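A.B. asks: here is a sequence with its predicted model. Questions after.
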Amino acid sequence: MGTKILTVASAIALICLTLNSCDTPVGQGAAWGAATGAIIGGAATGNVRAASIGAAAGAAAGALTGKIVQENQAAGYGPPPPGGYPYARWAGRSGFFYSPYTGQVYDLRGVPPGGLTRDVDTGRLFRRP
């Protein structure tokens, strides 16, 4: 019975970590919190109910932590311009985009969709689509 609970908790953790919607600090924090809470809740009591309660509590705590991280990152950039940051244009290759300011091509494969990048020529920020 105990191994079944750990298997379910591990499956929940794996699903949470593979979701593509976890690109923001809030989403990543919620996913890690849910996975950790499910594993701890399942391992501590050996039943599914405790694993799901642990997952819910962990997701909430992780999302709050992620929100704080996101706000701290945004504070480093300063307030967004009126109308928000402009989006780059696709450059024809996967992960490569044109800056909306200079037209220079940037390799943004490591930047999540919606993430900010600084144009090296102008110093202004833009978003990856």
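C.D. replies: Nice, I can see it.

A.B. asks: ok so Pro113 is a strand residue?
C.D. replies: No. Assessed with DSSP: H, G, I helix; E, B strand; the rest coil, Pro113 is coil; it does not lie in a strand.

A.B. asks: wait, doesn't it sit right on Trp90?
C.D. replies: No. Judged on C-beta atoms under 8 Å, Pro113 makes no contact with Trp90 at a distance of 11.9 Å. All C-beta atoms are positioned from the backbone trio N, CA, C, and that covers glycine.

A.B. asks: spit out the residues that contact those two alike.
C.D. replies: Pro129 (C-beta atoms under 8 Å, 6 or more residues apart in numbering).

A.B. asks: need the helices for the protein, in chain order.
C.D. replies: Here the chain has its helices, by DSSP state H, at 2-18, 25-45, 48-77.

A.B. asks: and the longest one, what other elements does it pack with?
C.D. replies: This points to helix 48-77. Of the remaining helices and strands, those touching helix 48-77 by 3 or more C-beta pairs under 8 Å, 6 or more residues apart in numbering; DSSP states H and E are helix 2-18, helix 25-45.
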